[in-house]
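**Student:** from the sequence below, what's the structure:
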Amino acid sequence: MSPSKAVVGVDSWDCLPPVPEIVDAIHMFTRHYFQLGFIHKASFIDQLVSNPRSTSVFLLLGILSISARFTPSLIARYETAVNAAETFMERASAVALTELYKETNLERCQGFYLLGIAQQGSGYNDKSYVGATQRSPELRRC
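**Tutor:** Modelled structure (predicted):
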């Protein structure tokens, strides 16, 4: 169940930090994970800044799951690098439950790929596949 479906009146964008902090995290993502650079940094950031809601929340949560631990503004917001990363992994896992049943598209595939990398990199081997998110009720809230 996605955070927006879990609580009436909650917008999935409420699970994201302010856009300037997301932009900082995208810069960190493209700086530290250039091998995952399947987004065109300049146009992706321009799209996010000019029309934020045109960007997939799930993809953003996947990016944040990886880059939050390297983004000073997010570390400050969530008190530690680990808290920042885990917060976004949990939120992405919650959103993944509804993304799984939607039509396949590039942003959705990228979101699942990044979430899996973040979970594997954090030592959550059992959570890095979809079955684990379906069994974890604590991951269903924002």
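**Student:** run through who's touching the strand or helix carrying Gly62.
**Tutor:** Element membership for Gly62, per DSSP states H and E: helix 57-67. Identification of contacts with helix 57-67 by Cβ atoms under 8 Å, 6 or more residues apart in numbering yields 12-13, 15-17, 22, 25-26, 28-29, 32-33, 36, 48, 74, 85, 88-89, 91-92, 95-96, 99, 107-108, 110-115, 117-119, 121. In this view, the C-beta of every residue, glycine as well, is placed from N, C-alpha and C.
**Student:** which of those residues are buried? Put it as a ChimeraX command.
**Tutor:** Buried residues within the contacts of helix 57-67, by 16 or more other Cβ atoms under 10 Å, are selected in ChimeraX with:
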select :12,15,16,17,22,25,26,28,29,33,36,48,74,85,88,89,91,92,95,96,99,107,108,110,111,112,114,115,117,118,119
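**Student:** return the subset of the contacts of helix 57-67 lying in helices.
**Tutor:** 22, 25-26, 28-29, 32, 48, 74, 85, 88-89, 91-92, 95-96, 99, 107-108, 110-115, 117-119, 121 (DSSP state H).
**Student:** average model confidence for the helix holding Gly62?
**Tutor:** Average pLDDT, helix 57-67: 95.
**Student:** report the central residue of the protein.
**Tutor:** The centre of the chain sits closest to Leu61, judged by Cα atoms, centre = their mean, with a distance of 1.2 Å.
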